[in-house]
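# I'd like to go over a predicted model; first the sequence, then the structure.
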Amino acid sequence: MATWPCHDITRAATAILADDASKASLRNMAAEGAPPAAFAEFLAERCEPELSALVRAEFLEMPAGMIGLILSSWSEADRAGKSFELSSVSPAEPLQFARSRRVRLTLDYEADRAVISLSHVPGRHAGWYQPVPQAAVA
């Protein structure tokens, strides 16, 4: 998540995750172990219409474990009454990230918040770690 739309996506997701009206639904999703597609859809439904499809696509391209870590880290911060931020960080070595199809997630716990930073080259993700689309499971 290192290009311009990625910054918009993480900014929108952070706002949704901080919204009091969204928190009850998010708490239920975290407690129930919601699948990555449900979390992506939750965010897509609540962001600006022009970002909706992009949010859905970007989160579903992410490794499934990362989506789970985002939701569980948000949940931890929420339980502690701390803020949570999702940010996009440009990879220091974009060519290496693209060649190796690397996606990096960094989690920092600070005194007053939890921050997850995502780095990747859009469209250059390995297929083996992506979640299975819901339609394929049904």
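Arrived safely, thanks for sending. Numbering: from 1, shown residues only.
# wait, doesn't residue 102 sit right on residue 118?
No - under the criterion of C-beta atoms under 8 Å, residue 102 makes no contact with residue 118, lying 11.4 Å away. Every residue, glycine included, has its C-beta placed from N, CA and C.
# of the two, who's got more company?
Ranked by neighbour count (other C-beta atoms under 10 Å), residue 102 and residue 118 place residue 118 first, with 23 against 17.
# Tell me the buried residues in the helix or strand harbouring the more buried one?
Using DSSP states H and E, residue 118 sits in strand 113-120. Buried residues in strand 113-120, counting neighbours by 16 or more other C-beta atoms under 10 Å, are found at 114-120.
# I'd assumed residue 110 was in contact with residue 85.
No - using C-beta under 8 Å, residue 85 is not in contact with residue 110, being 9.6 Å away.
# Show the backbone phi and psi for residue 109.
Main-chain dihedrals, residue 109, degrees, to the nearest 10: phi -100, psi 130.
# can you tell me how far it sits from residue 88?
19 Å (C-beta to C-beta, to the nearest Å).
# In terms of packing, which of these two has more residues around it?
Using other C-beta under 10 Å, the more surrounded residue of residue 109 and residue 88 is residue 88, with 21 against 12.
# Tell me what the more buried one is bridged to.
Under the criterion DSSP bridges, residue 88 forms beta bridges with residue 118.
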